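> Sequence plus predicted model, see below.
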Amino acid sequence: MSQAFLASTIVAAQVLLLLAMGFSIVRMMRGPRAQDRALALDTFYVNAMILLLTVGIRTGSPMYFEAALIIALLGFASTMAVSKFLMRGEVIE
Amino acid sequence: MELILAMAIGVLTASGVWLLLRPRTFQVIIGLTLVSYAVNLFIFSTGGLRTGADPVLREIAGNIAQYTDPLPQALVLTAIVIGFATTALFLVVLLTSRGLAGNDHVDGKDGTP
Amino acid sequence: MIARILPYPLLSTVLAVMWMVLNQSMAPGTILLGAVLGVVLARAYGVLQPPKARARNPWAALRLFARVVVDITRSNLAVARLILAGRREINSGFVSIPLVLTDRHGLAVLACIITSTPGTVWVSYDARGSVLLIHVLDLVNEDTWIETIQRRYESLLLEIFE
Amino acid sequence: MSPHLLVVPIVLPLLAAALQLLAGERRQRTVVVLGLASCLGLVATAIALLWHSEAEDAIAAVYRLGDWPARFGIVLVADRLSVLMLLLTSVVALAVLPAALGRWQQRGNYFQPLFQFLLMGLNGAFLTGDLFNLFVFFEVLLAASYGLALHGSGQRRVGAGLHYIAVNLAASMLFLLGVSLIFGVTGTLNMAALAQLVPGVPENTRALLHAGAAILGIAFLVKTAMWPLGFWLPRTYAASVPAVAAMFALMTKVGIYVLLRLGSLLFGGDAGISSYFGSDWLLWGGVATIVAGSIGMLGARDLGKLAGYNVLVSSGTLLGAVALHDPAVTAGALGYLVVSTLGIAALFLVAGLTAPEGDEEEDDALQLEPYEPPGSDGRTDELYAEEDESRVVIPAPVAMLALSFLLCSLLLAGLPPLSGFLAKFAMLAPMLGSPQRDGTLLLFALVIASGLCTVIAMCRAGIYVFWADQERRFPQARVTEVAAIALLLGLCLLLTGFARAPLEFLHETARQVHDARNYIGDVLPDAAEARP
Amino acid sequence: MQSAILWMPFAASALVFALRARGRNVAAWLMTCTALACLALTLSLYPAIVDGEVLRTSAAWVPSLGLDFSLRVDGFSWLFMLLVCGIGTLVGVYARYYMAPDDPLSRLFALLLAFMGAMLGIVMSGNVIQLVFFWELTSLLSFLLIGYWHNGASARDAARTALVVTSAGGFCLLAGVMMLGHIVGSYELDAILAAGAQVRAHPLYVPALVLVLLGAFTKSAQFPFHFWLPQAMSAPTPVSAYLHSATMVKAGVFLLVRFWPVLAGTDEWFWIVGGAGLATLVLGAYQAMFQHDLKAVLAYSTISHLGLITMLAGMGSTLGVVAAIFHIVNHATFKASLFMAAGAVDHEAGTRDLRELGGLRRFMPITATLALVAGAAMAGVPLLNGFLSKEMFFAQTLVTQRGPLPGLVPVLAVAASAFGVVYSLRFVRGVFFGPVPANLPRQPHEPRRWMRVPIGLLALACLLVGILPGRVIGPSLSAAAQSVLGMQTPEFSLSVWHGWNTPLQMSFVAFAFGLVLYGAMRSWFDRCRHAPLIGAVSARRIFERGLVLFGAELPARLERRLFPGRRLQVQLLLIVLAALVAGSLAASTAPFDNPAPRLDAIDPAFALLWMLGSACAIGAAAQAKFHRLAALILTGGAGLVSCVSFVWLSAPDLAATQLLVEVVTTILILLGLRWLPKRIQGLSPDPPLARLKRWRDAVIALVVGGGVAALAYAVMTHPADSISRFFLERSYTEGGGRNVVNVILVDFRGFDTMGEITVLAIVALTVFVLLRRFRPAAESISTLRLQRRNSLVDPAGSDLLTDQSGAGYLMIPGLIVQLMFPVILLFGIHLFLRGHDLPGGGFAAGITVSVALILMYMARGARWVEARLRVRPVRWIAIGLLLAAGTGLGALAFDQPFLTSHFQYAELPLLGRIPLATAVLFDLGVFCLVVGATTLMLIALAHQSLRRPRNTIVVGADGTLQVEDNG
Amino acid sequence: MNHLELLPPWAAVAVAVLALAGAALSFIGSLGLLRLGNFYQRVHAPTLATTMGTFLMVAASVTCFSVLHGRPVLHEILIGAFLTVTTPITLMLLVRAALYRDREEGSEVVPRSPRRQ
Ligand code: NA
Ligand code: NA
């Protein structure tokens, strides 16, 4: 019973997270400024990472871990590059 | 699963192909990226879709029913690396071309939109 | 001697622990390898010639941590309520905060705390005027914010880093 | 023969390139010695393999990389066809590399390692017995060819290179799609195993197999530059540095090789319902390519493009010949492949030498910074600086070049006394006797007519360059450059007089190529090798 | 002996070429002596030939193709050999004295010798393919000989025309003889000659006939391919004397006669050969009358006589063949001497124009006499050889009368003969008789003796044959006829006097008519610029115009249509369409069944995930033109959705790798984005055509996407029995790793990985090389203003350029990144070490480490980092390659195949049992290479921004990247 | 889903609650991305996901796997730790970039320069 509850809750959590990702996509497309899009990408990444955690719970497999850790540890690199690009017109000076 | 992934592959391919046929170099590189996503998923899908069954052995040997098909995954990995390399190259070539031709049209001539 | 082999003991320790957590193992081999990596990578860090860091007073650090956890939790709920309420006009704005803290590591920790706390974000720090600029989502009173930052965080950070 | 000989053609250039990179651009002498040693080693290896393949009745050698069973790991297979292609590659490389040392190498950096990588890719593609590994080696050779095509930079090259890369990237996507479809249907990547499985593919997935093969085929046809998929070729080749273009003469042949290999293995006579799949299309594609190439040749305005269109005509001819699935025709076609490759390579070199030395202005004008050849500031440890002082210059370059050009033209048009005539004859004669398909006679006629177009176009170009343009100043030819041309053309001349053994070898080769069962038996020796 | 005759000229040719520095006399001697030796050898065969023997020698050439190098000398070919060698000798002597001192004689003689060899090759070939081989060789050599004086435009044009026409014919001939060989089953001449009936009955007979005839007609300048011959008179006169009298042009009629037993005897043969011959005979003679150039007269006369021979062969009667052979010989002798005489006149008087010449017999009486004899032979005067064969010809026209107008042929024959009388008279009288013109370019005198001797010898031959035909030529002619006709050989008599028969009467009519015509119209001939009626229609001009139009202009225009090489979109569209069409056609060759999708099996979350992914992809497609950054970000979104799917579908390695690649790619593209031009929406109006194209492409893209989706669905729902079980079973026990994907990458299919990292290395090098000479567009440099403006607006930004580690806006983020640096490295090492057992591996680790590096670059700037870290990417690449390949080669030491891995567990104190697999060493190579390649690309691109106009990045002596500040 | 059946009910409920709460917080954060009026307000939204959202989900995961494996499975904590350290960098730089661009355009809502305050 509680396991079934868990299973459906996880799916619900996933749907919530996916909706969250959807909001980010809306922001990505709508803008209006480039920084909004970059922020949306960052949010998208974070939500995706949390989604990976739920996938891990749902499948019982710990194999999601590397991907999630990569997002946590290195996902900021591309956003950092975007923001430097927006500010300086250059990523590396 | 299969239907969703197939449709996803279709959408990625369609978007990518449409961009491939555009006249601006940046559109082409984005198109190539999208198409390569689609192709990677395609290769991956040839092994059949499984959830919760990893290609990492728990015992010393496994059978295919218990694990996912590792071979397509290995192929996709190779394809990802090669795709990364060629995207980088194409990027630099399009930058160089833009520098030499003075515009970002794929044919190095401006005028057509 | 020890300082030459182990120029950044804290970093080395953190790295070694991280290694063990990553490998989910306390086996002697893991510990040994973690220790070696901790030392080697800390030296690699040294190559980048980082600014000097002196961290002490672990008790203050622990207090700071507790305080931050509480603040983050509270702010989470506050911001969530704000978003869900869907108020059109939210009074947000920039706040300048004069700081005494000058240690870079301390400032970095402060940046992480402020930015991680929902509702506030670190914008810039002017080293010449020692002025911190933050943006606050729900800005009721500027002075309360200056007060909060200085009292809740800066004082503890000064204890730890200076 | 040591079985490890099979891996040498791939690993040797790889090691040479790695060591060249390690040596750095400034140690030119070391770099050049490494490159030449690698080329010589490759020729020697190819000859050794050839020797062995002559002696044996079966496939020369099957090499199981990593010691895994052939069906599961990657195998290298050296049958007569592969060995032939290896030898051709290494000979062209041996001729072209010294020729490039003079002026062409200095137009950019890292020419030498890229050249070695190209050899590695080519050799790998010829040796591998695994479909996906073929993709990998295609990518290796393509990547190296991108680098070499862009060698020297400049607007013309980069513009052409951009198209070249875009087209090939698209083709690579198709390659992957095709391979994965075939893998999805058959569950294997080993070519021999595929050949074994194709006749028995279940009816409900045969459509997928065919679709995969067709998509794969398009990928190869792009690389073979079949009309209308080969617009990129003449421009790219013409824009390349001549030494590079000479190597590129081999590139379309890789596509032909693969079409021949896979066509005979997967869709040969034993393939049941799938027998001769797609060969009609191939035939008509070849016909279209010959026509288009001939028209291009007649309309071409410079020697580089002329040579490029020659490549197309040669591609079209070979496509048509491959489509016939007739061992006798294939034997002749292989001869034609060899001869036309040598001839086109020589033609590119000749074309490069006829361009006046100052013709690179557009290139120079495009530079922002005063570019200096690698290490030109430190002249002491450099080969070229020395060579330039003491370089041996051919006294009468015009006569030499004119003669070379003439010989190239004869070779490509299929006129005596060079072996182009024999090769075309060897390919065409059996066409009359082979089972008549629609278009065979048209192909026959077009191959002959394209020879005439070659005569017209080359004659016009030759007259213009060597007879009419009295003011033209030819650059001084270095000994290495002339020697390269002499080697390539001399081989063709030799092949006329001593055509017997080579043609017998080719007949054996063609017989072996079209015998899928033999290939399967040799690669998967344990016929009962159980599928898991 | 026969082969010696064939090889000697070629060897001598090579020798002349080799000794070209030794002077003219050596070359001339070599030529003359070689030809003489060949002649002597030929003559030594005389007894055997007269006995009717056929001399054969054969050597294996390419037996697998049915090609032997076989020589076959019979009476007919012997006669030809005699002509080729004999006239060759004379031409050699003549040319030595004819050519100007500054002409490169050795080239001429080398070519002439080679030509002689090729011509001998044609007539001596016992194999038809070999015959074509030499045939094409003569075309080629004639091209070079006609173009001998290539400084002149006319010589170049003439050479080209001759080559194009004759080699076109040669190609036809090749096709024709290949058909013959196919019909007969052999390329041996003997076999083909014996299979006449079989050939004529075969369905391929007509094509083969037409093709062979095209070859013969082009070579022998038959109408309508005759035009190249007059043009070829730009060649030096010795060349004309040789090629255009005795050898080259005779190859065509040689072929007609040679294949007569095989191909003749049908209506097709009669009408085509006879018709072409008749037309050529009449038109050639008619045109010859109106020429003013001596050599042009001779050229048209040659055409006419070749037409006569062709017509004889075409009539289908055996006596016609005998007459044809006879006239071949006769024409060769008198025409060669006439060419030489014309050359002598040109040489001494300085002009060849009939209207400027006259009365030369006073200055060069001997030459005049000889020319008179030869000219008379050409006109067909009795007691000279031309008369005899002409009589035989007239006789044949009377015998063979077919077609609607039976009397027409004899009448035309007589007319042509009369024209012959006219041009012969014009030639002889116009040059040697009449008043001496006042303004000759040179003071004429008798040519040197060795120029007269060859002419004299040939004139003597005309006389001897004309007076004593039976004695001089009878046996050889009969042997020749026998060899061609065999049993069918008719009785013929070679006597000067056959009685007052119709042919003789026809001759008289022709003479009378010719004399009257010449007498009446002499000055008119001189005034005509070209032949009335047909002279204005110049076949040559039509040909040249046609060649330009169809050989250059039209193709050039078509080429642009067929190869829109400058338009990438068209090319990509075609590739896409080709794949679409090929894929769908191929899929329709067998039943295609897709099972109906089960909607209940759809995971809502997964469906939602891909709705997002699709939105990203479509959004990226829509934004890529005007909002590049948005498109890039949306692409990243789609990529991330792929990664999530990989995790979802149990492919953790793929997810990790794709994520890392995603990060690096985004940074790369961002690094490059600044060099692209600004694009602002709505600046330029959208032309309707572009909109239409967009819609077309959208439709195509949708169809392609649908097709790929259908294929993907079909593949997924029809799983095949895969070889993967093998990997799962052996990964741990034999590969030493639990992560099967990684074991496949570094062991089972390590070879793929080696290739893949090589690609990466190549690309990195290429990127570096390209960027080394990169030149940004002028306006992208000015985007640096953004930085400058920022510096003005924001003082905190301004100090960034001077000290990035200090108080700049990156102070705090930079410090955090710096602190993360060892952490990321640690994570990289973690990925590497666990790769064999869990997701990770050398590639992922390598990318991780290079991301750490690039983060430092971003946070601190290139100069800051490079002042502290020595990055040597190229060396990393090299070491990586060496490690990977070296690990593979290590197996060879144990006599295992390349890349065979070895693993075992090592018992170490403290660490316990740890697995040691050589595959890990291989993976280390991958790691090094990836670090090097990724860093090289990123840094090379990053350095572009550092470059002010005069800066360059170079690889330093120690392999590090350095900014060279030149300014 | 048989691995979930191995969880005792208390753990199942705990995991479910934690996961749902985490997802909900992330959802609200991203909703903020849509609903908040300007960039400076929106920049606060993702922190919900990076702090509590991640923390709760990590807690759910740790609970789940620790109970399943019968030993503490703590490595997920690293995810939270790393995210806490790296997110500030992104947000700081993004705000900073926005500030530059707004100042450049002379926008009224942003402070001209920190020192003039
Ligand atoms: Na915050
Ligand atoms: Na192994």
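That came in fine, so what should we check first? Ligands and ions are numbered 1, 2, ... in the order given.
> Which pLDDT value goes with residue 87?
Went with chain A since none was named. If you check A:M87, the pLDDT there is 81.
> right idea, wrong chain: chain C
70.
> And for E:G403?
On pLDDT, E:G403 comes in at 66.
> Could you do D:L131 as well?
For D:L131, pLDDT reads 94.
> so it makes contact with D:L189?
Yes. Under the criterion of CB atoms under 8 Å, D:L131 makes contact with D:L189 at 4.7 Å. C-beta coordinates here come from the backbone N, C-alpha and C atoms, glycine included.
> between those two, which one's more packed in?
D:L189 (27 against 24; other CB atoms under 10 Å in any protein chain shown).
> so that one makes contact with D:V179?
Yes. With contact defined as CB under 8 Å, D:L189 reaches D:V179; the gap is 7.5 Å.
> joint contacts of those two?
D:131-132 (CB atoms under 8 Å, 6 or more residues apart in numbering or on different chains).
> Which stretches in chain F count as helices?
With DSSP state H as the criterion, chain F has helices at F:2-5, F:9-35, F:39-42, F:46-48, F:54-69, F:76-104.
> Give the intersection of the neighbour lists for D:L131 and D:L189.
D:179, D:183.
> Could you pull up the residues touching the most centrally placed residue in chain B?
Centroid check for chain B by CA atoms, centre = their mean gives B:S36 as the closest residue, at 1.4 Å. Going by CB under 8 Å, 6+ apart, B:S36 touches B:16, B:79, B:83, B:87, D:173.
> mind running it again at 7 Å?
B:83, D:173 (CB atoms under 7 Å, 6 or more residues apart in numbering or on different chains).
> Same question for C:Y45.
So C:Y45 contacts C:8, C:11, E:821-822 (CB under 7 Å, 6+ apart).
> Now it, what are its backbone angles?
phi -60, psi -40 (degrees, to the nearest 10).
> before we move on, what about E:P236?
phi -60, psi 150.
> Per-residue confidence, the closest residue to it other than its chain neighbours, what does it come out as?
The spatially closest residue to E:P236, leaving aside those adjacent along the chain, is E:Y148, at 5.6 Å (CB to CB, 6 or more residues apart in numbering or on different chains). Residue-level confidence at E:Y148 comes out at 86, pLDDT.
> ok, how many other residues are close to E:Y148?
Neighbour tally, E:Y148, other CB under 10 Å: 21.
> avg pLDDT for the one helix or strand E:A95 maps to?
Assigned by DSSP states H and E, E:A95 belongs to helix E:75-98. For helix E:75-98, mean pLDDT is 91.
> Repeat that for stretch E:696-710.
Here the average pLDDT along stretch E:696-710 is 94.
> re the thing from before, and the helix holding E:A95, how far out from the chain middle?
Averaging C-alpha positions (CA atoms, centre = their mean, to the nearest Å) puts helix E:75-98 34 Å from its chain's average.
> again with stretch B:18-30
For stretch B:18-30, the distance to the chain centre is 15 Å (CA atoms, centre = their mean).
> which residues are contacting it?
Contacts for stretch B:18-30 (CB under 7 Å, 6+ apart): B:31-32, B:34-35, B:87, B:90-91, B:94, B:97-98, B:104-106, B:112, D:166, D:170, E:569, E:572-573, E:620-621, E:624-625, E:628, E:631, E:635, E:676, E:697-698, E:701.
> Same check on stretch E:120-130?
D:425, E:2, E:5-6, E:9, E:56, E:58, E:67-73, E:77, E:80-81, E:84, E:131, E:134-135, E:137-138, E:177, E:180-181, E:187-190, E:192, E:251, E:254.
> Could you tell me the end-to-end distance of that stretch?
12 Å (CA to CA, to the nearest Å).
> Quick check: mean pLDDT of that stretch?
92.
> now swap in stretch F:13-33 and tell me
93.
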